[in-house]
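In: Sequence and computational prediction follow.
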Amino acid sequence: MFDGRRHGLGAHNALFVPARQLVSLDVGRQGYGQAILLPLGIEMTMPEGPRHIRARDVSAQTELTAIFEAMSREQNAERPLWHSSMDSYGQLAMIWLRRQLAENTPHIGPETASARLMRAYSERLVMEHTSGETMADHANALGVTPTHLTRVCRAETGRTAAALLNERILHSARSLLNNTDAAIREIAEYLGFSSAAYFTRFIQQHTGNTPSGLRDNKKRVA
């Protein structure tokens, strides 16, 4: 799911995902990809908005592969000035992307009312998922009925509006449980739950485990 829509991905596809964009990938067992994560505030010319490119030209594929391989070598070796080198290769990756956008038509769907609604709902899921608002509250803020929002979400993504909201909350919950030492009560409050008990029931319903159990599993894996 990308830019509020469901897209098909195959070999030699490139995605540009700006900060604070809702995105999810469902890859098969043979799926493989690489990602460059650019920190906020970096001085670099980037495309405006999400982009999906299908790079068919072999030379273009080779160029991007070479950039990834060079970045991997720099990151693993950690030679003097390797951070500066990584920044430079990141610039080259953005130049590659902008050239592809200039030379090829990005793979985008028609700009329909449904697409605009999905984009607006996706933005709310990113920015407002900690507010404690229900799916119906989000629908009301967008000026549509919950039934209409659910119908559009199912058509564009294969998921209901409520499922998308729950998945976004669950993603944040997992991230906070795995990557911080915040108390479960604090995480529940941050995510807009009325109580830690309600938060625990939510986690159990969607994962079959408790918040403490998820956190313990992460520690055992580490």
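Out: Structure received. Numbering: from 1, shown residues only.

In: Next, the buried residues of stretch 191-211.
Out: Leu191, Phe193, Ala196, Phe199, Thr200, Phe202, Ile203, Pro211 (16 or more other Cβ atoms under 10 Å). To be clear about C-beta, it is placed using only N, CA and C from the backbone, and glycine gets the same treatment.

In: farthest pair in those residues?
Out: Spanning the widest gap among those are Leu191 and Thr200, at 12.0 Å by Cβ to Cβ.

In: Just checking, which helix or strand of this protein averages the lowest pLDDT?
Out: helix 211-221 (a mean of 74; mean pLDDT, DSSP states H and E).

In: low-confidence ranges in this structure?
Out: Scanning the chain for pLDDT under 70 picks out the ranges 105-110, 218-222.

In: how about the biggest helix by length in it: buried residues?
Out: For the chain, the helix with the greatest residue count under DSSP state H is helix 82-103. Neighbour counts over helix 82-103 (16+ other Cβ under 10 Å) mark Ser85, Tyr89, Gly90, Ala93, Met94, Trp96, Leu97, Gln100 as buried.

In: just the CA coordinates of that helix, formatted as CSV?
Out: What follows is helix 82-103, C-alpha atoms only, in CSV (Å, rounded to 0.1, in the frame of the first residue of the first chain):
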residue,chain,number,x,y,z
TRP,A,82,32.6,7.4,5.7
HIS,A,83,29.6,9.5,6.9
SER,A,84,30.5,12.1,4.3
SER,A,85,30.8,9.4,1.7
MET,A,86,27.4,8.0,2.6
ASP,A,87,25.9,11.5,2.2
SER,A,88,27.5,11.8,-1.3
TYR,A,89,26.1,8.4,-2.4
GLY,A,90,22.7,9.4,-1.0
GLN,A,91,22.9,12.5,-3.3
LEU,A,92,23.7,10.3,-6.2
ALA,A,93,20.8,8.0,-5.5
MET,A,94,18.5,11.1,-5.5
ILE,A,95,20.0,12.2,-8.8
TRP,A,96,19.3,8.8,-10.2
LEU,A,97,15.7,9.0,-9.0
ARG,A,98,15.1,12.5,-10.4
ARG,A,99,16.6,11.4,-13.8
GLN,A,100,14.3,8.5,-13.9
LEU,A,101,11.3,10.7,-13.1
ALA,A,102,12.4,13.1,-15.9
GLU,A,103,12.9,10.3,-18.4
